[in-house]
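**Student:** everything below, folded, please.
(chains A and B)
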Amino acid sequence: MNDNLKDIQLIERILAGETSAYRALVQRHKDFAFTVAYRILNHREEAEEAAQDAFLQAFGALKEFNQTAKFTTWFYRIVFNAALGAKRRQKPTEGITEINALAYAVTDTQQNLHKKERIKNIQRAMKQLSADDVTMITLFYLREHSLEEIAEITGISAETIKVKLHRARKRLADILKKQLGEEVNNLY
Amino acid sequence: MQQLNDDELFEVLDGTATDELQQRHRYWLETNAAYQEYFTELSQLHHDLEMMHLESPSMAFENNVIRQWASEKSLSKRSVPIRWIPFLFIGTMLLLTWVGVYILGDTQPTNLWTEQLKGWNQSLNPTLIQQVLLPLNAVLFLLIAERILRKRLNQEP
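**Tutor:** Below you'll find the predicted structure:
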């Protein structure tokens, strides 16, 4: 069954008064909501709070949701705004200090260790990007959103998204290069 | 033939490049080692970003959301009568003021108690009621109404 259709069915069940459908909706979208918030905030507890806020806001506004639209686009916009709101309230030192223990769904062969290391470096580099850049990259890669969908979520035109996405990736590549240079220098 | 800039390279990686762009890309890839190295770097980053998977919140997340939602719902149900209390209070005040002024104005004193009430009533200046107490009530009413409306608007996502 189509993903959006499943969401719409769950929303219909919620509106009909079936409380268990709330949990099902949370189960379906919690990881994505959390990941977007976490990438923006760099702080697990704050990201959980922001994602939780987003769910509560979405539940409260489900009656107003236009069921012909895509639920994820509507919901991710709420998540994005909740995370940005939390980011604005965040103290400058927060989020940078937390060292993330990465979870990988790979086994530790030599090749995977390299891959692990590279992804760890990317995550470290992403912490130096702006919330805007991180959001573009996260939305584009994590669920393979189209530029039009990202535009709807962020409220920015698709053309601007394209430019921002290119620049964000370029900045990420530059930071990674710099990181690698520093690591090489530290070896000598 | 002009080399591809970063934006064009990302279009190649995203699979949205035009035929002309792809042709130029292939040409530079075959003839220029520096270009090849740079493209490999970006391509590696692109694939690594694709490999990154979703993070998971804590185990308690789901239950926290459901519990929080349940408590918000019950709070909003309980707070419905509470919301009407200020209106009820001000309404009753207005009604009692009006009833007091009119009844006491028309009643003939029959005993000490009503005589005493009549005396208080006469000491009340009707201008004071009209110009001070009633506008004060109206201002209070508007302040409370504004607070409730603001709260509701803030709750909307």
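
**Student:** would the top helix by length along chain B count as contacting chain A?
**Tutor:** Of all the segments of type helix in chain B, defined by DSSP state H, the longest one is helix B:61-106. Yes - applying Cβ under 8 Å from any Cβ of the partner chain, one finds that helix B:61-106 is in contact with chain A at B:61-62, B:64-66, B:68-69, B:72. From N, CA and C alone the C-beta is placed, and that goes for glycine too.

**Student:** buried subset of the residues you listed, written for ChimeraX?
**Tutor:** For selection in ChimeraX, the members of the residues of helix B:61-106 next to chain A meeting the burial criterion (16 or more other Cβ atoms under 10 Å in any protein chain shown) are listed in this command:
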select /B:61,62,64,65,66,69
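
**Student:** redo the residues of helix B:61-106 next to chain A as TSV? Include distance to B:Val132 and pLDDT.
**Tutor:** Formatted as TSV, the entries for these read as follows, by distance: Cβ to Cβ, whole Å; pLDDT from 0 to 100:
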residue	distance to B:Val132	pLDDT
B:Phe61	56	93
B:Glu62	57	91
B:Asn64	51	92
B:Val65	51	93
B:Ile66	52	92
B:Gln68	46	90
B:Trp69	47	89
B:Glu72	41	82
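
**Student:** quick check: domain ranges of chain B?
**Tutor:** In the domain annotation for chain B, the residue ranges read B:6-51, B:76-155 (automatic domain parsing).

**Student:** deepest of these, which one?
**Tutor:** Across the domains of chain B, the average number of neighbours (mean count of other Cβ atoms under 10 Å in any protein chain shown) peaks for domain B:6-51, which reaches a mean of 15.

**Student:** follow-up on the earlier one: please state the offset of the longest helix of chain B from the chain centre?
**Tutor:** Offset of helix B:61-106 from its chain centre (Cα atoms, centre = their mean, to the nearest Å): 21 Å.

**Student:** and if you look at stretch A:137-156?
**Tutor:** Per Cα atoms, centre = their mean, the centroid offset for stretch A:137-156 relative to its chain is 10 Å.

**Student:** any idea which element the residue nearest to the spatial centre of chain A lies in?
**Tutor:** The central residue of chain A, meaning the one whose C-alpha is nearest the mean C-alpha position (Cα atoms, centre = their mean), is A:Val36 at 1.7 Å. A:Val36 belongs to helix A:20-41 when elements are defined using DSSP states H and E.
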